[in-house]
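Asks: Predicted model and sequence follow; I will ask about them next.
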Amino acid sequence: MKTVKELSQSLLILLVAVSLMNCSGGENCDFGSADEPARHAETTLAPCPTGTTGTGATCSTTQTPIDTLFSMDSTGTFLEFDISSSTPPLVQICNSVASTLGLLAIAQPNTTAPFLYVLNSTGSPSKIDAFAIKGGKSAALTAVAGQPFSIAGTTSTTGLRIKTDPLGEFVFVTDPGKGQVHVFQIDLVNLPTLGALTEVAGSPFAVANASSIAVDLTDSFAYVTDPIDGQIFIFDFNTPTAGALTPAPIVPNPMQIVSAPDFPNFAHAAATSLSVEVLFTANTSSISGYTVNVDGSLTALAGSPYEDAGTLHISPVGIAVDPASEDLYVLSSNSGGILGYQMDTTGNLTLAAGSPFLANTAVHDITIRGETLYVEEGTASPFSINPFAINTTSGGLTAIPQTTTPNNAATNIVTAITE
């Protein structure tokens, strides 16, 4: 298993949606019915029961989370935090469900509660562990029938990445070593096997040095980056069969990134309130931005590439976007901190005053929910998770005080709507 820090040389994509019982050893906290309102005022923090995550620390048995943040500790046990509670901003939920330590991805379908997938790349072939999230103001996890699901032909764990599509219907695994993209369809129909994965016809699809995949908001187009040759491959997605990657009939395809040979490390299809859809790549020393056209082709934004990263000696390795306010944040691999940007109505970026934030801090992952940026940081695993309020006018970040700091995360951080 590669740590989040080690991911800095590869590619990650991000797309931008009561009955109470006690925790006891071997049980998962069940937070009850969707018919009752959230009861955050009744938060009860106590020493975690034996057998649950965070033994010796505190966790809550009374949360009814609308939004939940997930990570894992070093044993592979899931960490769950209610991030819809206002005081304190992160409340750890008692949990005893474990998997194999690996990268996490959330699928958020429109028709079912969400699913949590874990890239288990410790064996050969690699596998995907799958868990259903109860929902209805509950973050309780249940293993999906038939899991783990094998990723056929994967013999090396180097650089494997996992991602889901915006509609919560597919899971992708990119394998740069073999130049392949595996596509799995999520079962959203059959009640006994909800969340189960089936590799689609034609998968894996050959894509040179496939490191990252971003899918547009309608599941019509897919973009795969090649950081070796500085290219973006453009595919018609879901045609002619479900989940298929078919090279789009546009020229050029693949296309060279604007700032070549400043190779693209990460890609992000931005889910924003803009009237246009935009795609960004975090490159070796810059950010490139593109408008996504109706045929799937990309047009460079007027201000692209944005070269602040090179000027400020930052090596970008990830992007997070606030869909409400059009704030964009860039993660650095070299303890350079976090760059903040604000988007105008066309997607063009302006560096936020005060950037970089958290300079000289080892930041391992970032994610946004609402107007809060969650930052996983620390010099050695386990890492702490800290919330920062986003100033929607300036793009600035302000630390949100916490009574205690969660300090046991060992994987990336992801969020799900659990209302």
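Replies: Right, received. Where do you want to start?

Asks: residue contacts, Leu90?
Replies: 69, 81-83, 374, 385, 387, 402, 406 (C-beta atoms under 8 Å, 6 or more residues apart in numbering). The way it works is simple: take the backbone N, C-alpha and C, and place the C-beta from them, glycine included.

Asks: Now render the residues you listed as JSON lines, adding pLDDT.
Replies: Output for the contacts of Leu90, formatted as JSON lines (pLDDT from 0 to 100):
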{"residue": "Leu69", "pLDDT": "96"}
{"residue": "Phe81", "pLDDT": "94"}
{"residue": "Asp82", "pLDDT": "94"}
{"residue": "Ile83", "pLDDT": "94"}
{"residue": "Tyr374", "pLDDT": "95"}
{"residue": "Ile385", "pLDDT": "94"}
{"residue": "Pro387", "pLDDT": "94"}
{"residue": "Gln402", "pLDDT": "83"}
{"residue": "Pro406", "pLDDT": "80"}
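
Asks: Could you find the closest non-adjacent residue to Tyr196?
Replies: Slight slip there: residue 196 is Ala, not Tyr. Asp187 (4.3 Å; C-beta to C-beta, 6 or more residues apart in numbering).

Asks: mind checking pLDDT for the one you found?
Replies: Looking at Asp187, its pLDDT is 98.

Asks: Which residues are in contact with it?
Replies: Shown in contact with Asp187 (C-beta under 8 Å, 6+ apart): 193-198.

Asks: Would you list the phi and psi of it?
Replies: Dihedral pair for Asp187: phi -70, psi 110, per degrees, to the nearest 10.

Asks: For the stretch 251-400 of the chain, which segments count as helices?
Replies: 308-311 (DSSP state H, counting those that start in this stretch).

Asks: is it true that Phe280 touches Ala320?
Replies: No. Between Phe280 and Ala320 there is no contact under C-beta atoms under 8 Å: 10.6 Å.

Asks: Which of these two has more residues huddled nearby?
Replies: Phe280 (29 against 22; other C-beta atoms under 10 Å).

Asks: Where does the prediction get shaky in the stretch 101-250 of the chain?
Replies: Residues of the stretch 101-250 of the chain meeting the criterion pLDDT under 70: 156-158.

Asks: in which helix or strand would I find the residue lying closest to Leu90 once chain neighbours are set aside?
Replies: Nearest residue to Leu90, sequence neighbours excluded (C-beta to C-beta, 6+ apart): Phe81, at 4.5 Å. Phe81 belongs to strand 78-82 when assigned by DSSP states H and E.

Asks: Centre of the chain to that strand, how far?
Replies: On the basis of C-alpha atoms, centre = their mean, to the nearest Å, strand 78-82 is displaced by 15 Å from the centre of the chain it belongs to.

Asks: my read: the residue nearest to Leu90 touches Ser60, true?
Replies: No. Counting by C-beta under 8 Å, Phe81 does not reach Ser60; the two are 9.6 Å apart.

Asks: Quick check: neighbours shared by those two?
Replies: With C-beta under 8 Å, 6+ apart as the test, Phe81 and Ser60 both reach 91-93.

Asks: Could you dump the residues you listed into CSV with distance to Ser315 added?
Replies: As requested, those are exported to CSV (distance: C-beta to C-beta, whole Å):
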residue, distance to Ser315
Val91, 34
Gln92, 32
Ile93, 35
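
Asks: Mind picking the one among those residues that's closest to Gly340?
Replies: Val91 (26.6 Å; C-beta to C-beta).

Asks: quick one, what contacts the nearest residue to the closest one once chain neighbours are set aside?
Replies: Distance criterion C-beta to C-beta, 6+ apart; nearest residue to Val91, sequence neighbours excluded, is Asp82 at 4.4 Å. Residues near Asp82 by C-beta under 8 Å, 6+ apart: 40, 60, 63, 65, 67-68, 90-91, 93, 139.

Asks: Show me what Asp82 bridges to in the sheet.
Replies: For Asp82, the beta-bridge partners are Thr68, Val91 (DSSP bridges).

Asks: Now the two most distant members of the contacts of Asp187.
Replies: Checking the contacts of Asp187 with C-beta to C-beta, the most distant pair is Leu194 and Thr198, at 12.7 Å.

Asks: between those two, which one's more packed in?
Replies: Leu194 (20 against 16).

Asks: sorry, back to before: what's around the residue nearest to Leu90, how many residues?
Replies: Phe81: 29 surrounding residues under other C-beta under 10 Å.

Asks: and what of Thr58?
Replies: Around Thr58 there are 15 residues (other C-beta under 10 Å).

Asks: Quick check: the gap between it and Thr68.
Replies: 17 Å (C-beta to C-beta, to the nearest Å).

Asks: And for Asp365?
Replies: 16 Å.

Asks: do the same with Thr415
Replies: 7 Å.

Asks: got the residue ranges for the strands in the stretch 101-250 of the chain?
Replies: Ranges of strands in the stretch 101-250 of the chain, per DSSP state E, counting those that start in this stretch, are 103-107, 115-120, 127-133, 141-143, 149-150, 161-164, 170-175, 180-186, 197-199, 205-206, 212-215, 221-226, 231-237, 245-247.
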